[in-house]
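# just coords:
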């Protein structure tokens, strides 16, 4: 199955076309096709995962045998087992797309650890979202269309995770962007929704410029001639790590690609589209803007990690662009989550913040921690979003302050799954978030050059506290207190609740996938995630000495848990007990200013729309108009007049004068020649005879004298 | 060979002179009579070349028949007999130039190729019964039978044609 | 010796050509044609004697026969022309002028 894993994206792609063509006529309006396709894809993804585990185990045995053979004694096998220095070959398939004079562009499939993991995550979350949507968007005006694009999105995301070359990556990247646009603007009749869709697409486009620049830079830096250059991800990574690509090129490419990460994964400063994207249906938010699409940027960084590792000198420095961007996002996103009244916006900023964690983790060199956090975050964030959807289904609104409160009485399933997922997000032991977040924090303190990335550890811990606080606020406003809405909310149906429980269950146990090394359990349970999913080969920085996996640090884990509980406690005190400086923003002007700053989302939107876009619109547009009207049109008109004059000249002098006289002259010549030749046909026989004999004499003379 | 040479040159002079007279004289009948002299000279040449049968045939046919025919033609076309008749074109020099060119070319070619050859002293024809006529007839009726018959038909055709052409129209 | 005969033939031929081209009277043109044919005959007989072959003489006979036929028909044509135009001047025979 591993060689045929490329079938997995094709199933949802086929269902996209089929749903578009036939969906409306089917009994379930196309949703059955979508669920069937994604379900089949999920089953195949599980099979692929199982086979991948076997593949890794085989490679490990082969590696340890080699190591044991090369190093004498039992020392060797111990070292091999501990360090796990074996190579796992990724499974690749490729076909040539087109060739052009030494340039060979191929498309294909690259299947290694991260790809296999993402296959599982994407298909699982997509399947659950599909089932959830059959209830959530039931009766919608574009039900079939919705499922078609969910399928297309799933297919594109799966294609992205298995992309073998950067070109394929770009294609699938754009495709997921398009699907995001379509799905956010699902109810485009309302202007706010279509605006949000456009904002998402355009801001992503800005980041895509960085993507294109990065890919092109890497292409040209990867070799000196067209036949050496490559778009292949494995090749680029291997060459970057071997030092075959110049450091400057890697730095430039890495910085350009960071722009792409900023836009796609909602990092500061191009995060502005993600909260607005909550205008789309909640399943869309859960699938795309929590679990899968936004992690495309993280995935891309993880795929091209060799480039980033070398380019930004991750292994040996204490601060770099990726880590800074991630760190700023963690705090910025968390800050904004405090002042939102819309439950989805809280979760959106929480997503931004958690993505910041992942980017920060990649920035400090903790690859496995980042991907493990991606893995766990997908589950509990999707659960949170779907839970918010369930709540909105009950109260027909997303506004926490106005329409929610005290819902735990009427919606127990939603309440408990939401609580579990919140606890996982905050990082309470032993739920999933605890393990993944602590690995990141541990990595911040252990990895890097002198002094390590301690600053980012502080950032991470602060973020953890803020996360705890705002999620507690959110939970309080939604499920506790007095019900402020109208009507009678009730629990949602099974198609909504069952996926919630599945995701909550995963949020609980997913953390066990990467249990760190403690003496409590056998070695074969430890670090399974890292064992199976971390790439081991020349294309991954693990070949470099500066790369290391963070060791579990009980001290940091304890500290972050306590701080998280402290954050919960603060929020509890504020909301349940009404303690602390309540209504501060009304009394203090400084606090009010700070609050306004947060409510206006740090004025980023103002900057982009009014300052940058407005600045271009006004003077630049007027200047270009002037140039167009006067300079360009002047040139065009002048060219027109010139050709008019030239044409007249050509006509009068050349055509009438020269050409016509030549034509007339040839006519005269022909006539004159004819008149002359006319005399030959006199009708006189003797003249003909004279010609005959004369010609004979001449020819004979020529024949005799000359030849 | 000397006698042969002398006679040849005598006859040649006669022939060429008469021929020139044929083409230049202004009297038609004189021109015809000069032609007769040319034919006679040619007969002499044939005899010098030991072609007796042809020589006699020449006399019979050419002088005897063809010239009479010519004279009849002159008479019937009422050519003015006298001296004051323009018998040559105004552009006679074209003909002169052509003829001179031809003779130069042919002369050069002949001298170039055959200048050193000589006629054999004795004719070496395989004669039949020592007689030229016999040899000719032998060849004519065996080897050249078909051309002989064809010529007969040709003469017939000419005869019939001449009669048809020359008879008066039944107007 | 051969040469002289051939040159004689050539000279006669060219005189005949001159006559054909320069003479106005149709009958005179026919006579010039006879000169040409005689030149050809001299040539044939000469070569026949040179090669010792009777074929030269035989061909000469054929030429004489054909010449006779030709004169017959030619004069008939001239007579017709005279009958139609009352003149045998070649300068007037240019109906094919074009």
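Yes, it's here. The shown structure was predicted, so the numbers you read here are calculated from the model rather than taken from an experiment.

# what about the strand or helix carrying residue A:671, distance to the chain center?
For residue A:671, the element it lies in under DSSP states H and E is helix A:660-678. The chain centre lies 79 Å from the centre of helix A:660-678; the measure is CA atoms, centre = their mean, to the nearest Å.

# what is the subsequent helix or strand relative to that helix?
Later in the chain than helix A:660-678, the nearest helix or strand by DSSP H and E is helix A:685-701.

# in that next one, what's buried?
Within helix A:685-701, the residues scored as buried using 16 or more other CB atoms under 10 Å in any protein chain shown are A:685-687, A:689-690, A:693-694, A:697, A:700-701. (C-beta placed from N, C-alpha, C; glycine too.)

# what does stretch A:391-398 give?
Going by neighbour count (16+ other CB under 10 Å), the buried part of stretch A:391-398 is A:391-395, A:398.

# turn those into CSV, including secondary structure.
Compiled in CSV, the buried residues of stretch A:391-398 are given as follows (DSSP: H, G, I helix; E, B strand; the rest coil):
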residue, secondary structure
A:391, helix
A:392, helix
A:393, helix
A:394, helix
A:395, helix
A:398, coil
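
# between which two of these is the distance greatest?
Largest separation among these by CB to CB: A:394 and A:398, giving 11.5 Å.

# filter the buried residues of helix A:685-701 by proximity to chain C?
A:685-686, A:689-690, A:693 (CB under 8 Å from any CB of the partner chain).

# where's the closest residue to chain B within the stretch 51-200 of chain A relative to chain C, distance?
Proximity of the stretch 51-200 of chain A to chain B (CB to the nearest CB) peaks at residue A:101, 68.5 Å away. Distance of residue A:101 to chain C, given as CB to the nearest CB, to the nearest Å: 68 Å.

# how about that residue, nearest residue that isn't a chain neighbour?
Leaving aside its chain neighbours, residue A:101 sits nearest to residue A:226 (6.8 Å; criterion: CB to CB, 6 or more residues apart in numbering or on different chains).

# show the pLDDT at that neighbour.
We note a pLDDT of 72 for residue A:226 in this prediction.

# likewise residue B:19?
In this model, residue B:19 is scored at 95, pLDDT.

# residues in contact with it?
By CB atoms under 8 Å, 6 or more residues apart in numbering or on different chains, the residues touching residue B:19 are B:34, B:38, C:11-12, C:15-16, C:35.

# need the max-distance pair from the residues you listed.
For the contacts of residue B:19, the maximum inter-member distance is 15.5 Å, found between B:34 and C:11 (CB to CB).

# what about the residue nearest the centre of chain A, helix or strand, and which?
The residue lying closest to the centre of chain A (CA atoms, centre = their mean) is residue A:296, at 3.2 Å. Element membership for residue A:296 (DSSP H and E) is helix A:295-303.

# in chain A, what residue is nearest chain C?
Closest point on chain A to chain C, by CB to the nearest CB, is residue A:683, at 3.2 Å.

# returning to that earlier point: could you dump the ones next to chain C among the buried residues of helix A:685-701 to TSV with pLDDT?
Converted to TSV, those look like this (pLDDT from 0 to 100):
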residue	pLDDT
A:685	80
A:686	81
A:689	86
A:690	86
A:693	89
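
# and the nearest residue to residue C:71 once chain neighbours are set aside, what does it touch?
Distances taken as CB to CB, 6+ apart put residue B:66 closest to residue C:71, at 5.1 Å, once the chain neighbours are dropped. By CB under 8 Å, 6+ apart, the contact list for residue B:66 reads C:34, C:67-68, C:71.

# these in helices, which ones?
C:34, C:67-68, C:71 (DSSP state H).

# which two among those are spaced furthest apart?
Between any two of the ones in helices among the contacts of residue B:66, the greatest separation by CB to CB is 10.1 Å, found for C:34 and C:68.

# neighbour-wise, which of the two wins?
It is residue C:34, of residue C:34 and residue C:68, that has more neighbours when counted by other CB atoms under 10 Å in any protein chain shown, with 22 against 19.

# isn't that one right up against residue C:70?
No. With contacts counted by CB atoms under 8 Å, residue C:34 stays clear of residue C:70, the gap being 9.1 Å.

# for the residue positioned nearest the centre of chain C, which non-adjacent residue is closest in space?
Taking CA atoms, centre = their mean, the centroid of chain C lies closest to residue C:33, which sits 2.2 Å from it. Among residues not flanking residue C:33 along the chain, residue C:20 sits closest, at 6.4 Å (CB to CB, 6+ apart).

# same check on residue B:42?
Take residue B:42 and drop its neighbours on the chain: the residue closest to it by CB to CB, 6+ apart is residue C:38, 5.3 Å away.

# which ones are touching residue C:74?
Contact analysis of residue C:74 by CB under 8 Å, 6+ apart lists C:30, C:33.

# which parts of chain B sit against chain A?
Within chain B, the positions near chain A by CB under 8 Å from any CB are B:89, B:94-95, B:97-99, B:101-102, B:104-106, B:108-109, B:112.

# and if we set it to 10 Å?
Residues of chain B that fall close to chain A, judged by CB under 10 Å from any CB of the partner chain: B:89, B:91, B:94-95, B:97-106, B:108-109, B:112-113.

# let me see the mean pLDDT of the helix holding residue A:671.
pLDDT averaged over helix A:660-678 gives 88.

# and chain C, is that helix touching that?
Yes. Interface with chain C: helix A:660-678 contributes residue A:678 (CB under 10 Å from any CB).

# check which helix or strand the residue of chain B found nearest chain A maps to.
Residue of chain B nearest chain A, by CB to the nearest CB: residue B:101 (4.0 Å). If you go by DSSP H and E, residue B:101 is part of helix B:92-114.

# for that helix, packing partners?
Under the contact definition 3 or more CB pairs under 10 Å, 6 or more residues apart in numbering or on different chains; DSSP states H and E, helix B:92-114 sits against helix A:685-701, helix B:2-24, helix C:2-22, helix C:26-51.

# where does the chain dip in pLDDT?
All of this is about chain A. Low-confidence segments of chain A, defined by pLDDT under 70, span residues A:66-85, A:448-451, A:517-526, A:585.

# my question was about chain B, not that one.
Ranges of chain B meeting pLDDT under 70: B:1, B:78-87, B:121-130, B:170-171.

# from residue A:407, how far off is residue B:45?
149 Å (CB to CB, to the nearest Å).

# over to residue A:240?
Residue A:240 is 51 Å from residue A:407, by CB to CB.

# nearest residue to the middle of chain B?
Centroid-nearest residue in chain B, with CA atoms, centre = their mean: residue B:39, separated by 5.7 Å.

# residue contacts, that one?
Neighbouring residues of residue B:39 by CB atoms under 10 Å, 6 or more residues apart in numbering or on different chains: B:15, B:18, B:58-59, B:61-64, B:66-67, C:34-35, C:38.

# the same query, at a cut-off of 8 Å, please.
When the contact criterion is CB under 8 Å, 6+ apart, the partners of residue B:39 are B:58-59, B:62-63, B:67, C:38.
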